[in-house]
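Student: My questions are about this predicted structure, shown below with the sequence.
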Amino acid sequence: AYIGLHHQEDGKGYIQELSSPGGLALSMDGKAVAVADTGNCRIKIYSANSGRSLHCFGMRGQANGQLEKPIDVSWDTQGHLLVLDEGRVQVFTENGEFLRAVKVKENLTGMSAIGQCVLLSDTYCVQ
């Protein structure tokens, strides 16, 4: 199964659902995959078994619960979804209900949740 692609109705090709996808993360129970759909300012949740789209959430904006530029995602041990957005980490339920936001450094490029810790990363190039 492919994530983010589905067959066209005429069976002649695929339709791409994602625009400039960023990070992805497997849920703690291994049943769902969350994808930061950066270009569409949303988070898409897929079945890890079938690749079928389960649901999505997010709309462009800077208010709590809105997404400016979702870059990466990670699941915490409570089943919440952490989203690295432009200058903040937002926490949502699996269904997309906003819980809280924490300001972080701008232009971070990656995130991982390990136990009760969240690791944020920045990538740069030295020439």
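Tutor: Cool, got the structure.
Student: from here on, contacts and neighbour counts on C-alpha atoms
Tutor: OK.
Student: got a list of what the residue nearest the centre of the chain touches?
Tutor: Nearest residue to the geometric centre of the chain (CA atoms, centre = their mean): residue 36, 2.8 Å. Taking CA atoms under 8 Å, 6 or more residues apart in numbering, we find residue 36 in contact with 21-24, 42-44, 70-73, 83.
Student: and what of residue 106?
Tutor: 86-88.
Student: hmm, try it at 10 Å
Tutor: By CA atoms under 10 Å, 6 or more residues apart in numbering, residue 106 lies in contact with 85-88, 122.
Student: tell me the strands in this protein, going along the chain?
Tutor: 5-7, 14-16, 21-26, 32-37, 42-47, 53-57, 72-75, 81-85, 88-92, 98-103, 110-114, 117-121 (DSSP state E).
Student: Which of these sits closest to residue 64?
Tutor: Closest of those to residue 64 is strand 98-103, at 6.9 Å (criterion: CA to CA).
Student: ok, back up a step: as JSON lines, the strands of the chain with distance to residue 65 and mean pLDDT would be great.
Tutor: Below are the strands of the chain laid out as JSON lines (distance: least, CA to CA, whole Å; pLDDT from 0 to 100):
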{"stretch": "strand 5-7", "distance to residue 65": "26", "mean pLDDT": "69"}
{"stretch": "strand 14-16", "distance to residue 65": "25", "mean pLDDT": "76"}
{"stretch": "strand 21-26", "distance to residue 65": "18", "mean pLDDT": "94"}
{"stretch": "strand 32-37", "distance to residue 65": "14", "mean pLDDT": "96"}
{"stretch": "strand 42-47", "distance to residue 65": "10", "mean pLDDT": "96"}
{"stretch": "strand 53-57", "distance to residue 65": "9", "mean pLDDT": "94"}
{"stretch": "strand 72-75", "distance to residue 65": "14", "mean pLDDT": "97"}
{"stretch": "strand 81-85", "distance to residue 65": "10", "mean pLDDT": "97"}
{"stretch": "strand 88-92", "distance to residue 65": "7", "mean pLDDT": "97"}
{"stretch": "strand 98-103", "distance to residue 65": "5", "mean pLDDT": "97"}
{"stretch": "strand 110-114", "distance to residue 65": "18", "mean pLDDT": "92"}
{"stretch": "strand 117-121", "distance to residue 65": "19", "mean pLDDT": "90"}
